[in-house]
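> whatever this is, show me its structure:
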Amino acid sequence: MEHPDHERPGLLPTLGLGALILYGVGDMLGSGIYALIGKVAGAMGSACWLAFLVSMVAALLTGLSYASLGSRYPRAAGAAYVTQRAFGRPFLAYLVGLAVMASGLTSMATQSRTFTGYISALLPGLPDPAWVVLFIAALTLVNVWGMKESTWLNVVCTTVEVSGLAIVILVGLRYLGRVSYLEPPTVEGVVRPLGLSMVFQGAVLTFYSFIGFEDMINVVEEVKDPVRTFPRGVLGALAVVTVIYLLVSLVAVSVVPHAELALSKEPLVEVVRRSAPWFPSAVFSGIALFAITNTALLNYIMGSRLAYGMSRDGLLPRWLGAVHPARHTPHRATLVLAVVVLVLALSGEVAQLAKATSVLLLSVFCVINVALVVLQRRPGEPRGTLEVPAAVPVGGLLVCASLLMHAKRAEVLTALILAAAITALYLVLRPRRVAGDAEDERSPIGGV
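Numbers count the residues shown, from 1 in each chain. Got it, this is the predicted structure:
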């Protein structure tokens, strides 16, 4: 029997500022940075640090939009809710919510397969499908058990993840200053001049390494004093990640010439191998397992809270919005998403699907930036603790639109197919009540 709305158990605010920053740092770092450094060095030479700096500024524009919106409307399913509130279009809100969810689910499926590859090499014996099932089952147990338990696992994984990059920085610090940090790459014997075009190409590569703030807004209901804490958490996470990326990129090209770094299959492992040959490189395989687990966990948390929030707002079946009376977690949404991820992870190659959802995610960023401008101009809307000028979301819109123009045709085509599938699902479900219809949802915290 369903409880009346005012009696239904809800999510518990357990995340303080430090936990929220760790959540964002863990989400943004991921395991991709270990290979990304080599790609950026190939594109920008020893000036690869500049790509991270420029892409941080570009990502910060949309990050500030999310931070401002989170302080205005601290609700789960934040992107879908904000879209509906700004435009009053249930279909657009549904499309935005499912696009963000698809990004998280495909990422989680990809991480499951990557985890299997690492663990099978370390502990041979079980077939790959068995490892996938065990990995997803373990994350499901933690996610259903409680947000505190999920937070502790995130803290452990993020600490190990950051420690791997800290090792790279510490063993390479003494090499800083030995090279020019504006030396461009050489392609087929020709030195490419370092100009705006090259910097922009490098920034396109590194922009995705700052994505993660869109996941943070979906746990905002579980943040203590979210109106004040959320924007500080977003900006704090971006600041920490930026410092790490800049130091890692500067150290990497100081230890290993950028041309060699670009050709290495394990560029950061190569940095440690040269600067500290005594250090066991196998340690990084273990660190990678923690990084992969963390990325999958945080995407799982995001997806379950998004499904919960969209259900409560009438955009998904109502029974998905149930919260466990003792654990205070969206257990039904978590279990349903576990099944979806299992199907994705066991069905074969999901890499192309994951790239396509990145295209959808950029499209969502465009919508959210426009939504903030609309809500800023509408009288009577609540104000948050972080208000930004309209130039910020407009700048974020231009950056994301520019990145969309650089997407590959195959990724765009797959993204359109996904959007068509989401449209078909919407037509089947036909949501009847949506966020923003009820008068009580005009309150500063959306009726929560």
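> what's the helix or strand for the residue lying closest to V359 once chain neighbours are set aside?
Spatial nearest neighbour of V359, excluding adjacent residues (C-beta to C-beta, 6 or more residues apart in numbering): A415 at 4.0 Å. In short, each C-beta sits where N, CA and C put it, glycine included. Here A415, judged by DSSP states H and E, is contained in helix 409-429.
> now for that helix, which elements pack on it?
If contacts are counted by 3 or more C-beta pairs under 8 Å, 6 or more residues apart in numbering; DSSP states H and E, helix 409-429 sits against helix 90-122, helix 351-377.
> can you give me the buried ones in it?
Within helix 409-429, the residues that count as buried by 16 or more other C-beta atoms under 10 Å are E411, T414, A415, L418, A419, I422, Y426.
> can you pull the contacts of the residue nearest to V359?
A356, T357, V359, L360, S363, A407 (C-beta atoms under 8 Å, 6 or more residues apart in numbering).
> most tightly packed of the helices and strands packed on helix 409-429?
Ranked by mean neighbour count, those are led by helix 90-122 with a mean of 22 (mean count of other C-beta atoms under 10 Å).
> and the helix or strand just after that helix with helix 90-122, angle?
The first helix or strand that comes after helix 90-122 along the chain, using DSSP H and E, is helix 128-145. When axes from the mean of the first three to the mean of the last three C-alpha atoms, to 10 degrees is applied, the directions of helix 128-145 and helix 90-122 differ by 120 degrees.
> so for Y23, what's the pLDDT?
In this model, Y23 is scored at 89, pLDDT.
> in a strand, it, correct?
No. Counting by DSSP: H, G, I helix; E, B strand; the rest coil, Y23 is not part of a strand but helix.
> can you list the weak-confidence ranges in the chain?
1-11, 31, 188-190, 348-352, 431-448 (pLDDT under 70).
> residue boundaries of the strands in this structure?
Along the chain, counting by DSSP state E, strands occupy 186-187, 190-191.
> so which of those is the most packed in?
Of all those, strand 186-187 has the most neighbours on average by mean count of other C-beta under 10 Å, namely a mean of 12.
> adjacent strands (with direction) for that one?
strand 190-191 (antiparallel) (DSSP bridges).
> any chance of the helices and strands packed on helix 409-429 in TSV with distance to H324 as columns?
Formatted as TSV, the helices and strands packed on helix 409-429 follow (distance: least, C-beta to C-beta, whole Å):
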stretch	distance to H324
helix 90-122	20
helix 351-377	28
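> do you know which of those lies nearest F279?
helix 90-122 (18.2 Å; C-beta to C-beta).
> the closest one packs against which elements?
Using 3+ C-beta pairs under 8 Å, 6+ apart: helix 90-122 touches helix 78-87, helix 128-145, helix 283-312, helix 331-346, helix 351-377, helix 409-429.
> what comes up buried for the third one?
It stands for helix 283-312. 284, 287-312.
> now do it against helix 128-145, angle only.
Using the same axes, to 10 degrees: helix 283-312 against helix 128-145 is 60 degrees.
> when you give positions from now on, start the count at 248
All right, first residue 248 from here; so that's helix 530-559.
> output the contacting helices and strands for helix 530-559.
helix 264-276, helix 325-334, helix 337-369, helix 375-392, helix 394-419, helix 460-463, helix 514-522, helix 578-593.
> from the contact counts, what lies against the last one?
Meaning helix 578-593. Helix 578-593 packs on helix 337-369, helix 375-392, helix 530-559, going by 3+ C-beta pairs under 8 Å, 6+ apart.
> ok, now which ones touch the closest residue in space to R475 that isn't next to it in sequence?
Using C-beta to C-beta, 6+ apart and skipping residues adjacent in sequence, the residue nearest R475 is T632, 5.2 Å away. Listed by C-beta under 8 Å, 6+ apart, the contact partners of T632 are S318, V474, R475, P478.
> so D375 sits right up against S367, yeah?
Yes. Applying C-beta atoms under 8 Å, one finds D375 in contact with S367, separated by 6.2 Å.
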